[in-house]
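Participant: Got a sequence here, can you build the structure:
(4 chains)
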Amino acid sequence: MSDLDAFRLETRAWLEENCPESQRGPVTPDMVIWPGKNQTFPSDDARLWFERMRDKGWTCPDYPSEYAGGGLSRAEEAVLREEMQRLNCCPPLTDQGIGMLGPALLEFGTEQLKAEHIPKIARGELRWCQGYSEPGAGSDLASLQCKAEDKGDHFLINGTKIWTSYGVESDWIFCLVRTSNEGPKQEGITFILVDMETPGVKAKAIDLISGASEFAQVFFDDVKVPKTNVVGEIHKGWTVAKSLLKHERKMMSELSKGVLGGTAALPDVAKEYLGSTDDGEITEPLYRDAIAQYEMNMRAIGLTGYRTHQEALARKMDTNVPLIMKYLGTSELQIKDELLVDMMGLRGLGWKDEQFNESEQRATRELLFNKALTIAGGTNEIQLNIIAKRALGLPKGPHS
Amino acid sequence: MSDLDAFRLETRAWLEENCPESQRGPVTPDMVIWPGKNQTFPSDDARLWFERMRDKGWTCPDYPSEYAGGGLSRAEEAVLREEMQRLNCCPPLTDQGIGMLGPALLEFGTEQLKAEHIPKIARGELRWCQGYSEPGAGSDLASLQCKAEDKGDHFLINGTKIWTSYGVESDWIFCLVRTSNEGPKQEGITFILVDMETPGVKAKAIDLISGASEFAQVFFDDVKVPKTNVVGEIHKGWTVAKSLLKHERKMMSELSKGVLGGTAALPDVAKEYLGSTDDGEITEPLYRDAIAQYEMNMRAIGLTGYRTHQEALARKMDTNVPLIMKYLGTSELQIKDELLVDMMGLRGLGWKDEQFNESEQRATRELLFNKALTIAGGTNEIQLNIIAKRALGLPKGPHS
Amino acid sequence: MSLVLTEEQSILQQSAAEFYSSVMPVTAFRQLRESEAVFDAETWSQMVELGWSSIMVPEELGGLEFGLMGMGILAIEGARTLAKSPLTTSAAVSVAALNFCKPSEQRDALLSALAAGEKMAAFAHLETTQFKPAIIRTQSASAADGYNVNGSKSCVENAQSSDVILMTARSPNAGFSESDGFILLIDPKADGIEFNSVGLIDEREYADISISDFNIAKDEKLEWNDDAAVAQVLDTATVIAACELYGCSLEAFERTLEYVKDREQFGNKIGSFQALQHRLAHQYTQLELLKTVVYDALSAVEKNRKDAALAVSHAKALANDTARLVTTEAIQMHGGIGITDELDIGLFYKRARVLRTMWGDSVYHRSRFASLSGY
Amino acid sequence: MSLVLTEEQSILQQSAAEFYSSVMPVTAFRQLRESEAVFDAETWSQMVELGWSSIMVPEELGGLEFGLMGMGILAIEGARTLAKSPLTTSAAVSVAALNFCKPSEQRDALLSALAAGEKMAAFAHLETTQFKPAIIRTQSASAADGYNVNGSKSCVENAQSSDVILMTARSPNAGFSESDGFILLIDPKADGIEFNSVGLIDEREYADISISDFNIAKDEKLEWNDDAAVAQVLDTATVIAACELYGCSLEAFERTLEYVKDREQFGNKIGSFQALQHRLAHQYTQLELLKTVVYDALSAVEKNRKDAALAVSHAKALANDTARLVTTEAIQMHGGIGITDELDIGLFYKRARVLRTMWGDSVYHRSRFASLSGY
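Facilitator: Predicted structure coming up:
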């Protein structure tokens, strides 16, 4: 038996013993375990599950064990992921620190920053949010204006960040700030970590058309931040950001595939709201066709993801293919959202009152919330620009 | 009774008496009456009809009577058109000289040119074609290269023109040639008339994917043309061309509405090839829906044309609306062509052999020929650029 | 000249545009939303003063008899500011319903009261959440001194805030789908009628109604003019919804146009990007078609043209599809701020999303168009 | 690893690409068209030498048993140069049909002959011009020393130029739509069989066949392996058509890409115009999806996976829609020269247009996909 097989058996046994029954099965939004200074848990089982995983370093299984991570190899991490999927385990911790800031610190951070922050991320002691976008900047991220003046041992930050997920709930924020106006706009940007308890930092929730408000605008008013909080070199934050953006796009396209896409099955909704024949065929042929079209497209997207995975294993990956996944996935989801509501009729447009069942209410919220999918993390237009340039080698227009 | 009413009664009586029965009813391609040096007629009735109309000047009813035209006022011409429509009269003469060159000569031509050419147009003595596009120029008409060197009393023309309708069959060609390379590309263009029997002129048919070949490429090899053949000022041919282009776009959009659009009715084809219920409902709901969508769009386009007409009468016309008609009409026709063939199945893809009936063969030819509709007379892309700029006032990109 | 506004209609349009933008801008909608009020009584009385409540009422009953075209103009302009008022439910649809009833003392009195703005009415017909207008189960049986009513209605707009509900019903012995029975005048404040409010994303007032063992007087039952009446009322409601969809879409489009001319990205106005230009140009073409088709449908219903039903289905299907395209693109082109509640763009999308479903989606109306065209 | 080519498959792909572009470029198609020949015998014998005729034939009958994936690769590459050869009709579909028959002396001998390129076969099944594969009326009744055949087949590819036609039939007492009867081996040169050639826009050889009172020997009737055999042969034909559609589309796309990078208008490469870039980028995404789905369907049929039929319908529907988009856009983006016969782009459109209809259009395959998915 190979080491990896042994690891698999061991892991499987451990998970079966240590993952409480209530922490298995489809994860609903109210089951998510968040970190933070004043961490609370959805349930006692959730706390137990978190603590057990944390103690093994498996909240961040691929982080080095010296920083409270699991110290697993890439192959071991894949095994752990597979075994967790097998039991349908709830993630023991969810935060932007884990998938985004942590890797960036490991790659670009000073020893001091790593020692101070990575263990806290892995142990869920702080909740992190991200400060990239600014009002008016949109897709043109590099045109950011939030200013950090050099004051010797610290920077003085003034400006604002928008579209910060969980900005109100977080303890710390990692930001891009402008430290110089010279040279191309990508230069003179610095990546810095800010404690949100510092005087002058304020986060305000943004109301969305969907009624949800996980986003915030964060204001900085003469905020003093020590220079030791800079990740990477001063003025060279764009390098750090680009590496992070890759993670973000990947997360967005996984988000659209997984959590959000997996909810209501169109054929079931069609049968329930439009009816079906004795053979189980949806009675309204136009919706039946539209559903088949959607299901085909999602199947194609899923298989293409799998093809890329296979190509990567065979070291034959066409690196252009991942570029298309976010564009395709998010567009299809919006088609699905509209279709779902079309079939539910007015039942799919409920805003409040208990007249609507849970799946109807969810259909409405997703219809509205998912309008963000083709905008956030690189608009569809930007994605198409990138595909045209990188995958197709089309000449740069004066604009793009 | 007003003069116009009197004119109407008179005209109606004359047409009823003079338009042979065979020259009424839907006009098929083999009924068209062309002009030319060696004019031939589809039938004796056609010749009779042509000669009677020619003698009244009604081949060109709005041309002044001094030039062999009908000398009708705008209102009288409208009455004539209505009365001809009432009897479904075949046009007594079809040529690009009538609708395009004639009006340009009347507006820009010297007295000599008018006296020489307009009567011949009206009497069908010459067949005209148009030399605008050049290989490689495409939508960028003003970038034309066909060169005319000033040789004192004449120009020496060298170059080539493409997409010349009926170039092989015509006697004369009206061309845009480059007489100067200075200034913006729209300047230095001259509008000139060329007798195609001049030594050095050669027309070669262009085979199309549809198998049809009404287009030609025309070659000029040291062709001497007297300066008196210039219409408008030398170097200022763009002004003449722009005025003509308007006529051409209008003709293209009428073409797509009328002649080509009026052939096969989608619902009838659907019932014949896919079947219908006892109530006369098309059995395949997806095609039924697609047909309704097409029919709605064509109804909307037709009504919008009518609205523009009404607005013009009420002097409230939104001059931007006509801009959209070619784009919409040609796009819809291509949708129809594909739909027709989809429903006919392999029967709609016949190329030769008598296995296919006439409407099947026509479906195939139109499918292929009509791919030109969104390209000729201003591509869809150019139309959208124009709408964006003129109707919406969007800022000029560095490109458009 | 049915596709071009007459001088009178143009004047109405201008004054409506002015009224809505000054008295009832989108901020007014937001204030009502905040206060959870259905309407602003003060604004409504101004609209009544302008004669808008009496536009479709016959002259002999104190109305202006200005026709459906006039009401359509008001609906278009009102939709551009998301104006909330009893105009469409009471002055348009309910008045149309009464117009298609045989004259009676009750009917005439109610029409006069609606014209004068003394009362507001709601029209309750549909009984299913899917658009199946032929299914009518609400019954009214003869009883002592009048009738006894049992049944339910689905998602009726402004039912609770109105003074009277015009409820369609059939007699117990009528065929199952015979919807062309009659209209009952129901007092929403009376006992025996139950409302369940239905909160939709456009944040207007809707309620499911159930009514059981409810007694009305003899003269509170009105007879339809003829068998076609119900369909005509529904066509009126449908074309008014198409007008509102056109208004929402046009406003969203024009705001987007303004935005892309102003907004810069990568050092250029985003309106100069060709990909956006082509998409906007295409949307413009659809809006122009929609304008034509909406005007044509208004005129067709107003003049009781033979092809009125076909024209209405055409208008609603095109309005649905154009609104979907334009309001969705409006959000996308606004980028991040497009999905915030702070910006109005999302409100136009939400209102249009409800209207797209109300009175029939595109699949329904294309099928009806095909049937009416004989295929 | 079904979605990535194996080393062997990659080598096959490379040699196919080289062979087609050097030996059978589009000019070869034009020459055949000019001469009105169906195939070039010399080229076909080179293909036989490369082993392509035996790719799907079992090893024990002299074949390579390389599987359907290999044939799919050849079909894709061949479509990129519009190669005309008996490969798909004989070496793919007819071999598949024989593979799904019970072994017999005749069948085995024919398979060996096909593998060796000594014979070419055509597969005749459909009897309607619309794609209705379940309707089989061709009958074969027992007669002295064999069977007597009556019936007709519609639009059979390469029927006249083949050495043998594999014709599906049923016995006179079978149910009306029982297509899974058996296969008859018909000699196209024999008396009593009538061909009417059908000239389609892709300028390949098609013919309607009618056959009446035609006698065949006992051993010229082959039995299917099982009830699913006919459907499996049709799935093979369908997925091969999807491969060809992918090949046509990919080639048209790549040529268009090259063209827009080269062509200037208004002083700029047209490939730098953002509106075209976005449309091309979208087409690229569809081609990538199609590649995946075509590979998956080939693998599903090859491995007789449970979801093979679903995978095939998916591949054909997506191939139809992508080909429509990409080949039409290719013409449009080439502008005027795109509609001339001189340029190859129109030929790809025309070939794809026929393939989109052959073996089922998207409406058919989406409906089948839905049924197979249980809705």
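Participant: what ranges do the strands span in the stretch 1-150 of chain A?
Facilitator: A:128-131, A:147-150 (DSSP state E, counting those that start in this stretch).
Participant: wait, which of those is closest to B:Glu21?
Facilitator: Among the strands of the stretch 1-150 of chain A, strand A:128-131 comes nearest to B:Glu21, with 81.2 Å by Cβ to Cβ. Placement of C-beta: from N, CA and C, glycine included.
Participant: pLDDT-wise, which helix or strand of chain C ranks last?
Facilitator: None of the helices or strands of chain C scores lower by mean pLDDT, DSSP states H and E than strand C:264-265, at a mean of 88.
Participant: How about that one and chain A, any contact?
Facilitator: Yes: residues of strand C:264-265 are located near chain A by Cβ under 8 Å from any Cβ of the partner chain, namely C:Gln265.
Participant: For residue 311, give me its contacts.
Facilitator: Here I'm looking at chain A. A:317-318, A:321, D:3-4 (Cβ atoms under 8 Å, 6 or more residues apart in numbering or on different chains).
Participant: you looked at the wrong chain, it should be chain C
Facilitator: Counting by Cβ under 8 Å, 6+ apart, C:Ala311 has contacts C:293, C:296-297, C:300-301, C:305.
Participant: Tell me the spacing between it and B:Asp289.
Facilitator: Taking Cβ to Cβ, to the nearest Å as the measure, C:Ala311 falls 19 Å from B:Asp289.
Participant: Just give me the neighbour total for the residue in the stretch 51-200 of chain C positioned nearest to chain A.
Facilitator: Of all residues in the stretch 51-200 of chain C, C:Gly199 sits closest to chain A, at 3.8 Å by Cβ to the nearest Cβ. Look at C:Gly199: counted by other Cβ atoms under 10 Å in any protein chain shown, it has 18 neighbours.
Participant: My guess is it contacts A:Trp351. True?
Facilitator: Yes: the pair C:Gly199 / A:Trp351 is scored as a contact, 4.5 Å apart, by Cβ atoms under 8 Å.
Participant: immediately after the helix or strand C:Met47 falls within, which helix or strand?
Facilitator: Using DSSP states H and E, C:Met47 sits within helix C:41-49. From helix C:41-49 onward toward the C-terminus, using DSSP H and E, the following helix or strand is helix C:68-79.
Participant: what's next to that next one, contact-wise?
Facilitator: C:5, C:9, C:12-13, C:16-17, C:19-20, C:24, C:52, C:55-56, C:64, C:85, C:87-88, C:91-92, C:96, C:236, C:239-240, C:243-248, C:250-251, C:294-295, C:298-299, C:301-302, C:351.
Participant: Distance of the residue nearest to C:Glu65 when sequence neighbours are not counted relative to chain D?
Facilitator: Nearest in space to C:Glu65, with sequence neighbours left out and distances taken as Cβ to Cβ, 6 or more residues apart in numbering or on different chains, is C:Glu59 at 4.7 Å. Look at C:Glu59 and chain D: by Cβ to the nearest Cβ, to the nearest Å, they are 54 Å apart.
Participant: so who does residue 299 touch?
Facilitator: You didn't pick a chain, so chain A it is. So A:Arg299 contacts D:293, D:314 (Cβ under 8 Å, 6+ apart).
Participant: not quite, I wanted chain C
Facilitator: Applying Cβ under 8 Å, 6+ apart, the residues contacting C:Ser299 are C:2-3, C:69, C:305.
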